[in-house]
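S.K.: Here is my input; please provide its structure:
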Amino acid sequence: MKIIELPIEFEFNKQQNHIYPNLIILNNELTLVDTGYSNFLPLIENEILNNGYEVKNLKNIIITHYDGDHIGSLFDFKEKYPWINIIASESESKYISGEMKSERLVQAEEMLENMPNKEIEFGKRFIQQLKNLKHVSIDEKVNDGDMILDNNCRVVATPGHTSGHISLYFPSLKSVITGDAAVNEHLELIIANQNFCLNVEQAQQSLRKVINLKAETYYCYHGGKFTL
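M.R.: Numbers count the residues shown, from 1 in each chain. Sure, this is the predicted structure:
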């Protein structure tokens, strides 16, 4: 088993940005963790191919949490590769499937009411992007402590950025896929953008939780791989 970083470069607000979804390889089966923004499917497909793997061998997609940069292309993947097993935490599943309005959309609508005039246009665009996300049913709902991927991966509840956020711990690899529970900024693990944290105190606790796993490698969606 191994974990591969899939660096995706893109332009956002006239600036070059990167995200780092991960590909888990286990017994010739592939598991993708998070799917980027909308229309990122071809970018991720290319990265998988560049690493010598075929997307037809993609068995699972794990979603760490509901956010536009993590679930944006989930619907496209499921539509193109309908056999893929979609995994998410039980509490995030209801937002991804559309059973409930997402926490992020509720937050964005509340923030818009108090935004300064110069930011209102951005706020409206952000809300529309969230509303445009297509819903996808979750095939496998997981909770804290569950062992998945043939018992090679432990689900770790890391609430704060969103209430149902999960990270993934791989004991045999001494590695953690953090989602947004930790970001790599200037070679330091910190919480993701506080402006989007639904509960900053919980986010700080979750950051300590993943650090206390004492992994050797942390795969951060923002900032990339962090190695101790």
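
S.K.: Can you pull out the low-pLDDT segments for the chain?
M.R.: For the chain, no stretch is flagged by pLDDT under 70.

S.K.: And the helices in it?
M.R.: Along the chain, the segments classed as helices by DSSP state H run 41-50, 68-71, 74-80, 90-96, 103-112, 117-132, 200-211.

S.K.: what would these look like in a markdown table with mean neighbour count and distance to residue 191?
M.R.: Glycine gets a C-beta too; all of them are placed from N, C-alpha and C. Formatted as a markdown table, those follow (neighbours: other CB atoms under 10 Å; distance: least, CB to CB, whole Å):
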| stretch | mean neighbour count | distance to residue 191 |
| --- | --- | --- |
| helix 41-50 | 16 | 25 |
| helix 68-71 | 23 | 16 |
| helix 74-80 | 18 | 24 |
| helix 90-96 | 22 | 18 |
| helix 103-112 | 16 | 16 |
| helix 117-132 | 13 | 20 |
| helix 200-211 | 18 | 4 |
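
S.K.: any chance of those in TSV, with distance to residue 62 too?
M.R.: Below are the helices of the chain laid out as TSV (distance: least, CB to CB, whole Å):
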stretch	distance to residue 62
helix 41-50	14
helix 68-71	10
helix 74-80	11
helix 90-96	11
helix 103-112	18
helix 117-132	21
helix 200-211	16
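
S.K.: between those, which one is nearest to residue 33?
M.R.: Closest to residue 33 of these, according to CB to CB: helix 68-71, at 9.0 Å.

S.K.: got the contact list for the closest one?
M.R.: Helix 68-71 is contacted by residues 19, 34-38, 63-64, 96, 104, 129-130, 133, 136, 179-180, 221 when judged by CB atoms under 8 Å, 6 or more residues apart in numbering.

S.K.: who wins for proximity to residue 156 among the helices of the chain?
M.R.: helix 200-211 (6.8 Å).

S.K.: Enumerate every residue touching the closest residue to residue 192 other than its chain neighbours.
M.R.: Excluding the flanking residues, the one nearest residue 192 by CB to CB, 6 or more residues apart in numbering is residue 180, at 4.0 Å. Residue 180 makes contact with 64, 65, 67, 70, 161, 165, 192, 221, 222, according to CB under 8 Å, 6+ apart.

S.K.: Once you drop chain neighbours, what's closest to the last one?
M.R.: Pointing back at residue 222 there. Per CB to CB, 6+ apart, closest to residue 222 is residue 183, 4.1 Å.

S.K.: Burial check on the one you found, number of neighbours?
M.R.: For residue 183, the neighbour count with other CB atoms under 10 Å is 22.

S.K.: thinking it is in contact with residue 191, fair?
M.R.: Yes - the pair residue 183 / residue 191 is scored as a contact, 7.3 Å apart, by CB atoms under 8 Å.

S.K.: and the gap between the residue of the chain most remote from its centre and residue 197?
M.R.: The C-alpha centroid of the chain is most remote from residue 117, which lies 30.8 Å away (CA atoms, centre = their mean). As defined by CB to CB, to the nearest Å, residue 117 lies at a distance of 25 Å from residue 197.
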